[in-house]
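S.K.: 3D model of this:
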Amino acid sequence: MSTLPYAGISVVERSGLLSARLIGLLLADQGAQVLVAQSDAAPQATKEPMDPSLHFEHLDPYLNRGKGLLQTAGLE
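M.R.: Modelled structure (predicted):
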């Protein structure tokens, strides 16, 4: 039996915001099974263009550590 506090808990991470991704990372580090929901659908258009400083692709290997991938094509 694992001594990690969130062992046995499953979480689906649906947001791409940095704060949500960090929470998923913290939960995974504490034993939770975190699945990242990734859709093949194009993102919805926004009224304003995304600020380039809000892109964190260079952090993906760190933020996705200990997480699994959940393909959601056709489910949204």
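
S.K.: next one: the longest helix seen in the chain to chain centre, how far?
M.R.: Using DSSP state H, we find that the single longest helix of the chain is helix 18-29. Distance of helix 18-29 from the chain centroid (CA atoms, centre = their mean, to the nearest Å) equals 7 Å.

S.K.: could you identify the helix or strand that succeeds it?
M.R.: Downstream of helix 18-29, the first helix or strand assigned by DSSP states H and E is strand 33-38.

S.K.: report the angle between that following strand and helix 18-29.
M.R.: 150 degrees (axes from the mean of the first three to the mean of the last three CA atoms, to 10 degrees).

S.K.: which helices and strands does strand 33-38 pack with?
M.R.: Packed against strand 33-38 by the contact rule (3 or more CB pairs under 8 Å, 6 or more residues apart in numbering; DSSP states H and E) you find strand 10-13, helix 18-29, strand 67-71. (C-beta placed from N, C-alpha, C; glycine too.)

S.K.: out of those, flag the one nearest His55.
M.R.: For His55, the closest of those is helix 18-29, at 10.0 Å, according to CB to CB.

S.K.: please save the CA atoms from that closest one in CSV.
M.R.: The C-alpha trace of helix 18-29 is given here as CSV (Å, rounded to 0.1, in the frame of the first residue of the first chain):
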residue,chain,number,x,y,z
LEU,A,18,-0.8,27.4,-15.7
SER,A,19,-2.5,27.3,-12.3
ALA,A,20,-4.6,24.2,-13.2
ARG,A,21,-1.5,22.4,-14.7
LEU,A,22,0.5,23.1,-11.5
ILE,A,23,-2.3,21.8,-9.4
GLY,A,24,-2.4,18.6,-11.5
LEU,A,25,1.4,18.3,-11.0
LEU,A,26,1.1,18.7,-7.3
LEU,A,27,-1.7,16.1,-7.1
ALA,A,28,0.4,13.6,-9.3
ASP,A,29,3.4,14.2,-7.0
